[in-house]
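Participant: just coords:
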């Protein structure tokens, strides 16, 4: 039986207000990337997210970002590698302190793209993950798109898992369509569900020009703050179940 992870970015509370229906999403996904203070979230929201995940048997991952609450972590910042390492380490550690049984780390937003393109940023993040893994006494995998982060993770002995996005448009290069451009976000639950089945069964993902990008993904992502995310998540889970694809965390 084919198997795939279904993850969502959750716990993204801003000024005490959740950006997603976390409870509904926890009932559908197998992994949750929980905001840990850089772009969103605080001790209370992290604690609630960990409890919600545990109640539904969902694996918890840390979702660190550039320290940028005003820009929700979606603005690229020039941060020296040593400082970036410490900021990311502190965010992951903060989630661990509220009782999270951390299973993986997935950078958020602009940091996610930076570690794919910039070896220095990738090295800083990989070092931060290695720092926390050493404190925990076990391996802590990284989740993301291929790029500089793959080599950075390997240099630290960190397992790397490739993910694909269900609710984001792809450029023919394999990069995501910038959020400011048309086609950046997908909203049709049927289209998103069909994409999930295709990816889970090795069919790749269609770019905005119709070309097919080969992606050997271990995890599929839905953003919790995307409008209609719950309906899309439920449609995806139903489609995967109907196709005989087991939804489970690989960590």
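Facilitator: Sure, I can see it. Fair warning: this is a prediction, and the values are worked out from it, not measured in the lab. Numbers count the residues shown, from 1 in each chain.

Participant: going forward, measure contacts between C-alpha atoms and count neighbours the same way
Facilitator: Noted.

Participant: where are the low-confidence patches of this protein?
Facilitator: 1 (pLDDT under 70).

Participant: contacts only, for the spatially most central residue of it.
Facilitator: Central residue of the chain (Cα atoms, centre = their mean): residue 106, 4.9 Å from the mean position. Contacts for residue 106 (Cα atoms under 8 Å, 6 or more residues apart in numbering) come out as 33, 61-64, 112, 142-144.

Participant: please identify which pair of those lies farthest apart.
Facilitator: Taking Cα to Cα as the measure, these reach their widest spread between 61 and 112, a distance of 14.2 Å.

Participant: which one's more surrounded, the two?
Facilitator: residue 61 (33 against 25; other Cα atoms under 10 Å).

Participant: chain center to the helix or strand where that one lies: distance?
Facilitator: Secondary structure assigned from DSSP states H and E places residue 61 in strand 59-63. From the chain centre to the centre of strand 59-63 is a distance of 8 Å (Cα atoms, centre = their mean, to the nearest Å).

Participant: buried set for the following helix or strand past it?
Facilitator: Downstream of strand 59-63, the next assigned helix or strand under DSSP H and E is helix 81-97. The neighbour-count check on helix 81-97 (16 or more other Cα atoms under 10 Å) flags 81, 84-85, 87-96 as buried.

Participant: gap between the lengthiest strand in the chain and the chain center?
Facilitator: When the chain is parsed with DSSP state E, its longest strand is strand 3-10. Centre-to-centre, strand 3-10 and its host chain are 8 Å apart (Cα atoms, centre = their mean).

Participant: not counting the very next helix or strand once past it itself, show me its contacts.
Facilitator: Sequence order places strand 13-14 as the next helix or strand after strand 3-10, per DSSP H and E. By Cα under 8 Å, 6+ apart, the residues outside strand 13-14 that reach it are 19, 40-42, 45.

Participant: partners of strand 13-14 in the sheet?
Facilitator: Take DSSP bridges as the rule and strand 13-14 pairs in its sheet with strand 17-18 (antiparallel).

Participant: ok, back up a step: redo the buried residues of helix 81-97 as CSV? Include distance to residue 237.
Facilitator: Compiled in CSV, the buried residues of helix 81-97 are given as follows (distance: Cα to Cα, whole Å):
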residue, distance to residue 237
81, 39
84, 36
85, 36
87, 35
88, 31
89, 33
90, 34
91, 30
92, 28
93, 31
94, 31
95, 27
96, 28
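
Participant: rewinding a little: nearest to residue 126 among the contacts of strand 13-14?
Facilitator: Looking across those and measuring by Cα to Cα, the closest to residue 126 is residue 40, at 21.3 Å.

Participant: which residue packs closest to that closest one, ignoring adjacent ones?
Facilitator: Using Cα to Cα, 6 or more residues apart in numbering and skipping residues adjacent in sequence, the residue nearest residue 40 is residue 12, 5.0 Å away.
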